[in-house]
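Trainee: please work out how this folds:
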Amino acid sequence: MSDKHVGYANNFFPKLIFSSRWLQLPLYLGLIVAQCAYVFLFLKELVHLITGVTSLGEQQIMLIVLGLIDVVMISNLLVMVIVGGYETFVSRLRLDGHPDQPEWLSHVNATVLKVKLAMAIIGISSIHLLKTFIEAGNIGTPGAKFTEEGVMWQTIIHMAFIASAIGIAYTDFLMQKVSASAKAAHH
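Mentor: Now for the predicted structure:
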């Protein structure tokens, strides 16, 4: 094979592979559409709260407010995935010096993103678990949303999220130690 053909293959395939990152763009755009759905859901629940504030009981209001917080936390999770994922895997956003640039974006990488996502998922799971605990007093009554077994499994799953986040954070800690040791060895 001639040097010209080898040079072409050596340049073409790496460029093709690197350019394939742009295939993720429709995925991030889709998440933006999903966030629009959450904005609609938030507004719908907010209207429900405002129009029913005089007829709803304290527990019902608390559950609606927890639902609103849940929607906000999921929306925050979406922003982290959209902005952080795009910045990490597709292309730089070039927001340096922008007054609204999130602080965490300046040092985002795949590991930081994983830890932040794990913490957001734990927060969302905590809200769901709190809503379940508030309604747990109705267990055993007709029309109850939850069973004892359902509450138990929801708690176990929440604890699994926490254990996973601790594992991810510990792995990140170990990787940073190894990286620091390797850097120290080269100097």
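Trainee: buried residues, stretch 99-118. List them.
Mentor: For stretch 99-118, burial by neighbour count (16 or more other Cβ atoms under 10 Å) applies to 105, 108, 113, 114, 116, 117, 118. Every residue, glycine included, has its C-beta placed from N, CA and C.
Trainee: ok, and the closest non-adjacent residue to the residue nearest the centre of the chain?
Mentor: The structure's the chain has its C-alpha centroid closest to residue 77; by Cα atoms, centre = their mean the separation is 3.4 Å. The shortest distance from residue 77 to any residue that is not its chain neighbour, by Cβ to Cβ, 6 or more residues apart in numbering, is 4.3 Å, and that residue is residue 120.
Trainee: then residue 64?
Mentor: Counting by Cβ to Cβ, 6+ apart, residue 64 lies nearest to residue 49, which is 4.8 Å off, once chain neighbours are set aside.
Trainee: does the one you found really touch residue 61, like I thought?
Mentor: Yes. Counting by Cβ atoms under 8 Å, residue 49 does reach residue 61; the two are 6.8 Å apart.
Trainee: out of the two, which sits in the more crowded spot?
Mentor: Each of residue 49 and residue 61 has its neighbours counted (other Cβ atoms under 10 Å); residue 49 has more, 16 against 13.
Trainee: contacts only, for that one.
Mentor: Applying Cβ atoms under 8 Å, 6 or more residues apart in numbering to residue 49 gives the contacts 56, 61, 64, 65, 68.
Trainee: element containing residue 40, please.
Mentor: helix 25-52 (DSSP states H and E).
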